[in-house]
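> Fold the stuff below for me.
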Amino acid sequence: MLRASVPHRLSVSLQRRVAPAALAIGLAALSACSSGSSSQPGVSPAPERASRAAPSPDRRIGLKAGVYDAGMASWNMRLVSTTPSPDKFEGVTNSDLAFTGNYAIQGNYNGFQVWDISTPARPTLVTAFYCPASQSDVSVYKNLLFVSGEGNSGRLDCGDQGIREPVSHERLRGIRIFDITDIRNPKYVANVQTCRGSHTHTVLESPRDRDNVYIYVSGSAGVRSEEELPGCTRGPTGENPNTAEFRIEVIRVPLADPTKAAIVSSPRIFQDIPAPPRRSSSSPADAEATRQAIARGAFVAEIGGEQTVLPDRFVQPMLDSVVKARGGTGAATRADSAALRAAIPDLIARMINPGARRGPSGPPPGPTQCHDITVYPAIGLAGGACEGYGLLLDISDPANPRRIDAVADTNFSYWHNATFSNDGSVVVFGDEWGGGGGARCRALDPKEWGSNAIFRIVDRKMQFQGYYKLPVAQSDQENCVAHNGSLLPIPGRNVMVQSWYQGGVSVFDFTDPKNPVEIAYFDRGPLDANRMVGGGTWSVYWYNGVLVSSEMMRGLDILELTPSAWISQNEIDVAKSVRLDHLNAQGQPQFSWAPSFTLSRAYLDQLERDNGMQYNRVIGVREQLQAAERMGGSQARSALSSLANDLDREAQTARDGNKVRMLAKSLRDLAARQ
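Coordinates of the predicted model:
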């Protein structure tokens, strides 16, 4: 959702010329300070027994500012490559990512870029398709690419001249559909217009319908004119049963003929949800900044329950309108300023929730749209991050998602994204406090605000467990808040990688949802040392062994985990064994692992790390595994089966009996393959 300024193209271009040398030096420095491993061929090392404490002082503090020459810090991961965006895209905001085959598709407010990442150290640009729109969120399915468009300047013809008229049949607000059978030459084949555009979207691959895919559209802009798109009207549902508010759109795309894609339903998943409770105070850091701004004469509005300083680019046009309305000319007077201050509360209410001001007496209604929806087809559920609420949806009928639970939290400002654990028993929601454009990881900012909230799912209801927020303070020049990430395919654990804008990339373990902990990070210094310039990593996802990050101003980053006291080489190797033919992080796949000695050793490493089994027994089992691997055939089958039986018995008294049973099952499955 980020709305922020960007560096000047000239500044970016000049820094790009020195980027290769600076990057080479930076990568070398990162390699020197990252954790590593060395082992003999054919021998899988045990996890490091060193301290799991992060380096102190934190390496992220005080990093040098810059675009391509910013200071960098990492712990338990390393930067593999950074590739700047091509001309026409450089200096323009990069948005979300999708993956197909060996390709990463990166959205950009000027269109999308396709990168061949088969060699992660040297990604190559396959195509840069120029077709401006905000935010250009992207998703793929087989030979189809879907791209979101929400702003008023997006055109059906992909032109960059924009649209000045308030009503235009040249405007694109909705979903663009491309045929990428020849990925080097995408073909624009169709679009589906929606009343509020598409800020984000989610592709649902339903196991019940193999002939179609479904797109859940989340539009957060105002409702467009009915003159521009018939059927688009506003108002609360009690007054207007056909209102385009308080709903999402579901598009069905026939795979045999995607040109026939169309909206098939508009589920009112927000029906009867009241306005969420709001916190009654602002962050100490914000309160001080607001106090200083008011002293300077700034305009302030209450947004999301807190006082927010309005930027000049927002205030000046309104002041000009006040002057014009009274028939005046020139600069605004004190009376004009006073009139605007009095009108601001209603203006903000109209922008944020137009239905609320027109509703009947009683409590105001809740959210009118979602920001993002993550579907998990394997378990038939979706997590909806919907302004003031986190929703749990039943998606067993893909065209008609149904709300089954809703949670609110006074520590949350804007529910933004959702990620499930692999078994579907836990869901993590992120809070994009302040819309992504502000510094929200300062020392005085509460640790619960702009964080993740973690819930267990019990009987299809969500039960709060704990929060996770980036554990190091960021500067006033760095926009920082929880943003997009994904689950890592590490068996026996819940581990997630996540973007934090200019807070960088953080990997955290939420296996114990009440006590999540950071286990790896990568970060750069701010884009500018003296002022806030919006940027950082928009999204980061695990895909076929690497972590791919869409860096808003710097291009495409590829990172990888390194073995450490928090994650062993065996765990990394077994995660890399999971291969996907495509990935949309908002269409979460369920991971599975083929039986292997590496998988069994990964479970054993976890038992050692967490003292789930006595250390001497861990060493003994490790030796038995090595012996069985050398045997092969029927001897290995017998040895593995015998060891599995022993472990099943020992699980009854082990400190982590469940993990011991996982290990035993992996050995039994492995024996069956000998």
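
> What segments of this structure are helices?
9-17, 19-33, 284-295, 312-325, 334-352, 354-358, 569-576, 597-609, 615-631, 633-650, 657-672 (DSSP state H).

> any idea of the pLDDT on residue 290?
Predicted confidence (pLDDT) for residue 290: 80.

> circling back to that earlier point, among the helices of the chain, which is nearest residue 84?
Of all the helices of the chain, helix 9-17 sits nearest to residue 84, with 5.3 Å by Cβ to Cβ. For every residue, glycine as well, the C-beta is placed using N, CA and C.

> Could you export the helices of the chain to TSV, including columns for distance to residue 95?
Listed next are the helices of the chain as TSV, based on distance: least, Cβ to Cβ, whole Å:
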stretch	distance to residue 95
helix 9-17	17
helix 19-33	21
helix 284-295	26
helix 312-325	21
helix 334-352	22
helix 354-358	26
helix 569-576	26
helix 597-609	34
helix 615-631	45
helix 633-650	47
helix 657-672	38
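
> per-domain residue ranges of this structure.
Using automatic domain parsing, the domain parsing of the chain gives 284-358, 597-672.

> so of those domains, which one's packed in deepest?
Sort these by mean neighbour count, taking mean count of other Cβ atoms under 10 Å, and domain 597-672 sits at the top with a mean of 18.

> one step back: residue 111: which of the helices of the chain is closest?
Comparing the helices of the chain by Cβ to Cβ, helix 9-17 comes nearest, at 16.2 Å.

> still on that earlier bit, ok, which of the helices of the chain comes nearest residue 436?
With Cβ to Cβ as the yardstick, what comes closest out of those is helix 284-295 (15.2 Å).

> okay, and for the chain, where does confidence drop off?
Segments of the chain classed as low confidence (criterion: pLDDT under 70) are 1-50, 280, 303-306, 311, 313-314, 349-363.

> Can you tell me the centre-most residue of it?
Nearest to the geometric centre of the chain sits residue 484, at 1.1 Å (Cα atoms, centre = their mean).

> can you tell me which residues contact that residue?
Contact analysis of residue 484 by Cβ atoms under 8 Å, 6 or more residues apart in numbering lists 96, 417, 430, 498, 499, 538, 539, 540, 541, 585.

> Residue 58 too?
Neighbouring residues of residue 58 by Cβ under 8 Å, 6+ apart: residue 472.

> What number of residues are in the vicinity of the residue lying closest to residue 460 once chain neighbours are set aside?
Leaving aside its chain neighbours, residue 460 sits nearest to residue 404 (5.3 Å; criterion: Cβ to Cβ, 6 or more residues apart in numbering). Residues near residue 404, counting by other Cβ atoms under 10 Å, number 15.

> Might one say that residue 404 is in contact with residue 394?
Yes: applying Cβ atoms under 8 Å, one finds residue 404 in contact with residue 394, separated by 5.2 Å.

> intersection of neighbour lists for those two?
By Cβ under 8 Å, 6+ apart, residue 404 and residue 394 have these common neighbours: residue 460.

> for the domains of the chain, which one sits closest to residue 210?
Across the domains of the chain, closest to residue 210 is domain 597-672 (Cβ to Cβ), at 28.8 Å.

> Contacts only, for the closest residue to residue 529 other than its chain neighbours.
Closest residue in space to residue 529, ignoring its immediate chain neighbours: residue 65 at 3.7 Å, by Cβ to Cβ, 6+ apart. Counting by Cβ under 8 Å, 6+ apart, residue 65 touches 71, 477, 525, 526, 527, 528, 529.

> Tell me which of the helices of the chain sits nearest to residue 462.
helix 657-672 (22.7 Å).

> can I get the CA coordinates of the closest one in PDB?
Output of helix 657-672 as PDB, limited to C-alpha atoms (Å, rounded to 0.1, in the frame of the first residue of the first chain):
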ATOM      1  CA  GLY A 657       8.200 -37.100  22.000                       C
ATOM      2  CA  ASN A 658       6.400 -35.700  18.900                       C
ATOM      3  CA  LYS A 659       9.600 -34.900  17.200                       C
ATOM      4  CA  VAL A 660      11.100 -38.300  18.000                       C
ATOM      5  CA  ARG A 661       8.000 -39.900  16.400                       C
ATOM      6  CA  MET A 662       8.500 -37.700  13.300                       C
ATOM      7  CA  LEU A 663      12.100 -39.000  13.100                       C
ATOM      8  CA  ALA A 664      10.900 -42.600  13.500                       C
ATOM      9  CA  LYS A 665       8.300 -42.200  10.800                       C
ATOM     10  CA  SER A 666      10.900 -40.700   8.400                       C
ATOM     11  CA  LEU A 667      13.200 -43.700   9.100                       C
ATOM     12  CA  ARG A 668      10.300 -46.100   8.400                       C
ATOM     13  CA  ASP A 669       9.400 -44.300   5.200                       C
ATOM     14  CA  LEU A 670      13.100 -44.400   4.200                       C
ATOM     15  CA  ALA A 671      13.400 -48.100   4.900                       C
ATOM     16  CA  ALA A 672      10.500 -48.700   2.500                       C
END
